[in-house]
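Undergrad: 3D model of this:
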Amino acid sequence: MKVILKSDVKKVGKKGEIVEVADGYARNFLIARGLAVPSTEKSREILAQQKEQEKEEDARKKAEAEELAKKLEGTMLEFRVKANKDGRVFGSVSTKQIVEELAKKGLRVDKRKILDTYPISALGVTKVRVELYKGVIGTINCQVKGTE
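TA: Coordinates of the predicted model:
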C-alpha cells in the first residue's frame, strides 16, 4: 500500500515522502497513529500544495536573513574590558554579550548561530561571523577597548 508520511518514521522515510509499505503496517500502525495518510489523487495534490508553501516560506526566510545580514555589516559593537597599560586583557567578550548588545540595537540573533564561538580576548576590532539562515552568513564588527 502506498502512503504519504505526515512525519518522519524511522526505517521507513521522511515527512512528505510517498512510500510503499505492507497493507497491515499501513492500516494498523502508520494510519492509526496519524503518521501517514493513504496515497490518493487528492492527498497527492495537497502534498504538492504543502511543498509549494514550504518553498515560498523558505524563500521569505532567506530574504529576511539576507536583509539582516546587510544590517549587521554596518554594525559596530563596542565593548570595554579591563586591561593594563601594555594591552594585556583581563577578561573577554562572550557570544552572550554580543547577542545582548545586538538586542539593544534592535537586532535579534540567536547566540547558537554565532560561528566564531571563542571569546574575544584581544583589543581592537574583531569580525564575528553569524549564520542567519542556511547559506546566509552575516559579519559583526566588535571593537574591544581597554580600561584601566
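
Undergrad: Which secondary structure element of this structure has the lowest mean pLDDT?
TA: Sorting the helices and strands of the chain by mean pLDDT, DSSP states H and E puts strand 89-90 at the bottom, at a mean of 86.

Undergrad: ok, then the element right after that one?
TA: Counting by DSSP states H and E, the element after strand 89-90 in chain order, helix or strand, is helix 95-104.

Undergrad: ok, and for the longest strand along the chain, which residues are buried?
TA: Determined from DSSP state E, the single longest strand within the chain is strand 136-147. Residues 136, 138, 140, 142, 144, 146 are the ones in strand 136-147 that count as buried (16 or more other Cβ atoms under 10 Å). C-betas here are computed from N, CA, C, even on glycine.

Undergrad: What pairs with it, parallel or antiparallel?
TA: Sheet pairing here is set by DSSP bridges, and for strand 136-147 it gives strand 76-83 (parallel), strand 124-133 (antiparallel).

Undergrad: Dump it to CSV, restricted to CA.
TA: Output in CSV follows, covering the C-alpha atoms of strand 136-147 (Å, rounded to 0.1, in the frame of the first residue of the first chain):
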residue,chain,number,x,y,z
VAL,A,136,23.4,33.2,4.7
ILE,A,137,26.3,34.4,6.8
GLY,A,138,26.5,37.9,8.3
THR,A,139,29.5,39.6,9.9
ILE,A,140,29.5,41.7,13.0
ASN,A,141,32.4,44.1,13.8
CYS,A,142,33.2,44.0,17.5
GLN,A,143,35.6,46.6,18.9
VAL,A,144,37.2,45.8,22.2
LYS,A,145,38.7,48.8,24.2
GLY,A,146,40.7,48.5,27.3
THR,A,147,40.0,50.4,30.5
